[in-house]
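1. Build the 3D model from these lines:
(2 chains)
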Amino acid sequence: AQSVSQHNHHVILSEAASLELGCNYSYGGTVNLFWYVQYPGQHLQLLLKYFSGDPLVKGIKGFEAEFIKSKFSFNLRKPSVQWSDTAEYFCAVNTKAAGNKLTFGGGTRVLVKP
Amino acid sequence: EAGVTQFPSHSVIEKGQTVTLRCDPISGHDNLYWYRRVMGKEIKFLLHFVKESKQDESGMPNNRFLAERTGGTYSTLKVQPAELEDSGVYFCASSQDGAGLAKNIQYFGAGTRLSVL
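-> Next up, the predicted model:
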């Protein structure tokens, strides 16, 4: 069965700082990878996704993620965060074999101080 | 285009009572998923409908949970009787069907926060 781990539960940083959130998954086959974000009081939104091709994917709001197959990782990055990036971030995977249901990591709460 | 809507946004009930959560997927989305997040834990899959059929219900915790999707449109998730450990946020998501990759993109509702006292 697939599983996902996110390295940090909480991250606090100042505006303009760089952000990197770690995500590792365990599954030996082909996976689709996702980062979702939940802003306070809002629904989960898709930030970016990786299905195939260029392992560096760009998403909305200046976020990007890099798929490193050898490390089973899909880390999320943003060079310069804003106060509005305060949210909870979720890494998730799905596989065709598992019927496309999403398996989530535990989430990382990010607080950006103005 | 309306997104995935869930009702109610918050429900507070006593142990032993019944609660029914509703999810309206995006129009035309045949796939509908239920997930749950218990406090402090990860979001976990409960079940998956394709139209009105249960495709995968491997994540349903026990037989106190009953999900339906009559007519293949909206879905309900009933908990009867509710227990303390059922507290959490219940998310619904929907996606398109078909052979392409679009079916992998799930759109989520805002969730229903269930508190069992």
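2. tell me the pLDDT at residue A:13?
-> Listed pLDDT for residue A:13 reads 96.
3. For the spatially most central residue of chain A, list each beta-bridge partner.
-> Closest to where the C-alpha atoms of chain A average out (CA atoms, centre = their mean) is residue A:35, at 3.4 Å. Residues in a beta bridge with residue A:35, per DSSP bridges, are residue A:48, residue A:91.
4. can you tell me how far it sits from chain B?
-> For residue A:35, the distance to chain B (CB to the nearest CB, to the nearest Å) stands at 12 Å. (Each C-beta comes from the backbone N, C-alpha and C, glycine too.)
5. Quick check, that residue in contact with residue A:88.
-> No. In this structure residue A:35 lies outside contact range of residue A:88 using CB atoms under 8 Å: 11.3 Å.
6. Show me the beta-bridge partners of the residue nearest to the spatial centre of chain B.
-> With distances taken as CA atoms, centre = their mean, residue B:34 lies nearest the centre of chain B, 3.0 Å away. Residue B:34 has these beta-bridge partners by DSSP bridges: residue B:47, residue B:92.
7. I'd like to know how far it sits from chain A.
-> Using CB to the nearest CB, residue B:34 is found at 10 Å from chain A.
8. residue contacts, the residue nearest to the centre of chain A?
-> Going by CB atoms under 8 Å, 6 or more residues apart in numbering or on different chains, residue A:35 touches A:23, A:46-49, A:59, A:63, A:65, A:74, A:76, A:89-92.
9. try it again with 6 Å
-> By CB atoms under 6 Å, 6 or more residues apart in numbering or on different chains, the contact list for residue A:35 reads A:47, A:48, A:65, A:76, A:91.
10. Can you pull out the low-pLDDT segments for chain B?
-> Scanning chain B with the threshold set as pLDDT under 70 gives B:1.
11. If we use 80, what do you get?
-> B:1-2, B:40, B:98-103 (pLDDT under 80).
12. Tell me the residues of chain B that contact chain A?
-> Contact residues (CB under 6 Å from any CB of the partner chain) of chain B with chain A: B:42, B:43, B:45, B:48, B:56, B:101, B:104, B:108, B:109, B:110.
13. how much space is there between the third one and residue B:91?
-> Translated: residue B:45. Counting by CB to CB, to the nearest Å, the gap from residue B:45 to residue B:91 is 10 Å.
14. Excluding sequence neighbours, find me the nearest residue to residue B:102.
-> Leaving out its chain neighbours, the residue that sits closest to residue B:102 by CB to CB, 6 or more residues apart in numbering or on different chains is residue B:96, at 4.8 Å.
15. Residue A:114 too?
-> Excluding the flanking residues, the one nearest residue A:114 by CB to CB, 6+ apart is residue A:83, at 4.6 Å.
16. now residue A:4
-> Leaving aside its sequence neighbours, residue A:4 sits nearest to residue A:105 (CB to CB, 6+ apart; 4.0 Å).
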